[in-house]
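Chemist: what's the 3D shape of this:
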Amino acid sequence: MSLLSQYLPGFPNTLVYMLQSSEYQPRVYLAWYWRTTDFRKVAHRRQLDRTKAARVMLAILQVGIMVQLLGSAVFLVLSLNGSLSYLIIGAVAFLSYPIVWAHLIVVPLALGEWLVVRPRQRRQIAQAKGVFANVKATKIAVAGSYGKTSMKELLLTVLSEGKKVAATPANKNVASSHAEFALSLSGDEEIVIIEYGEGQPGDVIRFCEYTQPNVGIITGLAPAHLDQYKTLEAAGQDIFSLAEYLNHQNVYVNADSEAARPFIKPTHQQYSIESALGWQVSDVSVDFTGTSFTIKKDGRSLRLTSGLLGKHQVGPLALAAALADKLGLKPEQIKAGVAKTAPFEHRMQPRQLHGAWIIDDSYNGNIEGIRAGLQLLQDLPAKRKIYVTPGLVDQGSENEPVHLLVGNFIGEANPDEVVLMRNSAEPYIQRGLKEAQYSGKIRVESDPLTFYTTMEHFVAAGDLVLLQNDWTDNYA
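Modeler: From the prediction side, this is the model:
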C-alpha cells in the first residue's frame, strides 16, 4: 500500500506540503521525495498552510495531473481497437503521473529563482553593499553555531536604552535578508547589529566582506549544519573567519563554549558566566521569573535582573551590560535595558499548564542548548521533572556520537522521566542513557503531534517539563 499511496487523492496536497516545509527549495524537497516510501505519513507534525503560493502550486498540480490522466484515458480507449502501442502509452501515462508531477512542480520554482529572485537579490545586494560601506554607525556582527538571535536581541534591547540601534529582524541572517535590512536603514543609527547565519563553508567571510563590520561577537561553536561542513572544525574555521576579517581585534568570544576555545586568540576578549570585559560576575540566581546576578569592576557594582531563564544567559547578558558601559550608557540605563530582556519565542520560554511549568525550548538545535536546558532543569524546583526531546537534526557524520552524548547528559541530569520520539536519533539517545546508568522512566512516543497537543493529560500540578528541539517531517 505504501507505493500505491502516490495514487491517492491527497497526493498533490502532500507534495505541496513537502515543498512548503522545504521552504520551496527544490533540492531539499526532491531529496525528501526520494527517501519517502509512504506518502500517507508525510504530513505528520503539521498540515499544509494554504498560503497564496501553496494554493497556486496545488492548482498547478491538480490541473496538470488531470490533463495527464485524461490523456492516459484517451490512449487507453484508442487501444481498444487492438493497438498495443496505444495501450502502452496510456498505461505509462497513468502509472507515471506521480513521479512526473513530483518533479515538474519544481520547474516554475527553478525558473522563478533564476529569472526573477536571484537577479533581484543581486541588485539589492550590490546596492546594500554600498549602504553598509557608508554607514557611520558601529557595526556589530554576531556569528556562532547557536545563540546568535538571542545575543542580537538582547544587545538591541540593552543598547537601545541610550543609543539609536538597528538590528536585523528575527532570525533573518543571510545575504538577501542583510540587503533588505541595509536598505531599510535611516542613516542616523549609532549602532547596527547584523546576525550571520552559516549554512555552508565560506558564508561568514562573504558576509563580512559584504557588511564590513568593525566589531565581532562569536556566541559559541557546536555541531550544526554538518551535512554541509562535514566536521566541527570546518564549521569553527568558517565562524571564526569573522575574527580573521577583523584582524582579531574587537572580537568577543563566548568562553563557556568548550568547542570554541581552541579557536580563541590572545587578542580576543572573552565573556562567560564568570566575567565580561573585566566585570566579575557573582551571586547568580535563577527562578521561573528569570535570572539575576551582580557584576563588579573598579569599585562599581550593578545588580542586574533579566526575564531570560538559565545560567547560560549570564555570559551574554554580562557582555551586553559591559558593552553598554563601554559605549557610555549610564548604570540606570543598563539596569533598565537588562530588565526588559525576556525569553524569545520557543527559546527557554516558560508557561504554566494546570499548575505545571512548561519550558519551551523547541527552537534549540544543538548540543550546547541541550546542556544548558538540562542545567536549568536541575536548577529549578519541582515535584516531578520531565525532559522531552526528539533529538537534534543536521548532525551529519556526528549523528551517533552527538546523540550518545545527549543520552549521557540527560542521564547525568537525572530527570524523573524522559520522553523521546521514535526516529533515527532515539536508539542512540537510549544507548547514552544506558551508559549513564539512568534509572528513571523512559517513554517513547510514535506520534509526537498527539503528545504535544494533549500534554494537559500528561502533566500534573508541581511538574516541570522541558521541551527541547524540534524534528520536522522532512527528517527521518
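
Chemist: which of the residues in the top helix by length along the chain are buried?
Modeler: Scanning the chain for the longest helix, with DSSP state H as the assignment, gives helix 52-78. Neighbour counts over helix 52-78 (16 or more other C-beta atoms under 10 Å) mark 54, 57, 58, 60, 61, 64, 65, 68, 72, 75, 76 as buried. Every residue, glycine included, has its C-beta placed from N, CA and C.

Chemist: next secondary structure after the lowest-mean-pLDDT helix or strand in the chain?
Modeler: Least confident helix or strand, the chain: helix 226-229 with a mean of 63, by mean pLDDT, DSSP states H and E. With elements assigned by DSSP states H and E, the helix or strand that comes after helix 226-229 is helix 232-239.

Chemist: that following helix - contacts with which helices or strands?
Modeler: Judged by 3 or more C-beta pairs under 8 Å, 6 or more residues apart in numbering; DSSP states H and E, helix 232-239 is in contact with helix 203-211, helix 226-229.

Chemist: pLDDT averaged over it - what is it?
Modeler: The pLDDT scores in helix 232-239 average 89.

Chemist: who touches it?
Modeler: Helix 232-239 is contacted by residues 143-145, 198, 201-205, 218, 221-226, 229, 259-260, 262-263, 398 when judged by C-beta atoms under 8 Å, 6 or more residues apart in numbering.

Chemist: helix or strand right after it?
Modeler: Following helix 232-239 in sequence order, the next helix or strand is helix 241-245 (DSSP H and E).

Chemist: run a quick neighbour tally on residue 291.
Modeler: For residue 291, the count of nearby residues is 25 (other C-beta atoms under 10 Å).

Chemist: contacts for the helix or strand encompassing it next, please.
Modeler: Take DSSP H and E as the rule and residue 291 turns out to sit in strand 290-297. Applying C-beta under 8 Å, 6+ apart, the external contacts of strand 290-297 come out as 276, 278-286, 301-311, 313-314, 317-318, 321-322.

Chemist: quick check: which element contains residue 304?
Modeler: Using DSSP H and E, residue 304 sits within strand 300-306.

Chemist: run the angle between that strand and strand 290-297 for me.
Modeler: For strand 300-306 against strand 290-297, the angle by axes from the mean of the first three to the mean of the last three C-alpha atoms, to 10 degrees is 170 degrees.

Chemist: could you pull out the buried residues of strand 300-306?
Modeler: Buried residues in strand 300-306, counted by 16+ other C-beta under 10 Å: 302, 304, 305, 306.

Chemist: what residues are up against the third one?
Modeler: Spelled out, that is residue 305. Counted by C-beta under 8 Å, 6+ apart, residue 305 has contacts 290, 291, 292, 338, 339.

Chemist: any idea which of those residues has the most stuff around it?
Modeler: Neighbour counts for the contacts of residue 305 (other C-beta under 10 Å) peak at residue 338, which has 29 neighbours.

Chemist: is it true that it touches residue 308?
Modeler: No: with contacts counted by C-beta atoms under 8 Å, residue 338 stays clear of residue 308, the gap being 9.1 Å.

Chemist: dig out what the closest residue to residue 165 other than its chain neighbours forms beta bridges with.
Modeler: Closest residue in space to residue 165, ignoring its immediate chain neighbours: residue 191 at 4.5 Å, by C-beta to C-beta, 6 or more residues apart in numbering. Taking DSSP bridges as the rule, residue 191 bridges to residue 138, residue 165.

Chemist: hey, C-alpha coordinates of the strand holding residue 304 in CSV?
Modeler: In CSV, the C-alpha atoms belonging to strand 300-306 read as follows (Å, rounded to 0.1, in the frame of the first residue of the first chain):
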residue,chain,number,x,y,z
ARG,A,300,31.5,49.7,40.8
SER,A,301,28.7,47.2,41.3
LEU,A,302,25.5,46.5,39.3
ARG,A,303,22.7,44.1,40.3
LEU,A,304,21.0,43.0,37.1
THR,A,305,17.8,41.1,36.7
SER,A,306,16.6,39.6,33.4
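
Chemist: helix or strand next in line after it, which one?
Modeler: Reading on from strand 300-306 to the C-terminus, the next helix or strand found by DSSP H and E is helix 314-326.

Chemist: can you spell out which helices and strands pack onto that following helix?
Modeler: Using 3+ C-beta pairs under 8 Å, 6+ apart: helix 314-326 touches helix 148-159, strand 251-254, strand 269-271, strand 275-276, strand 279-287, strand 290-297, strand 300-306, helix 331-340.

Chemist: returning to what we had before: can you redo the buried residues of helix 52-78 as a markdown table with distance to residue 110 and pLDDT?
Modeler: Supplementary listing: the buried residues of helix 52-78 in a markdown table, determined by distance: C-beta to C-beta, whole Å; pLDDT from 0 to 100:
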| residue | distance to residue 110 | pLDDT |
| --- | --- | --- |
| 54 | 18 | 87 |
| 57 | 13 | 89 |
| 58 | 18 | 91 |
| 60 | 14 | 92 |
| 61 | 16 | 92 |
| 64 | 16 | 93 |
| 65 | 20 | 93 |
| 68 | 20 | 94 |
| 72 | 26 | 94 |
| 75 | 29 | 93 |
| 76 | 32 | 92 |
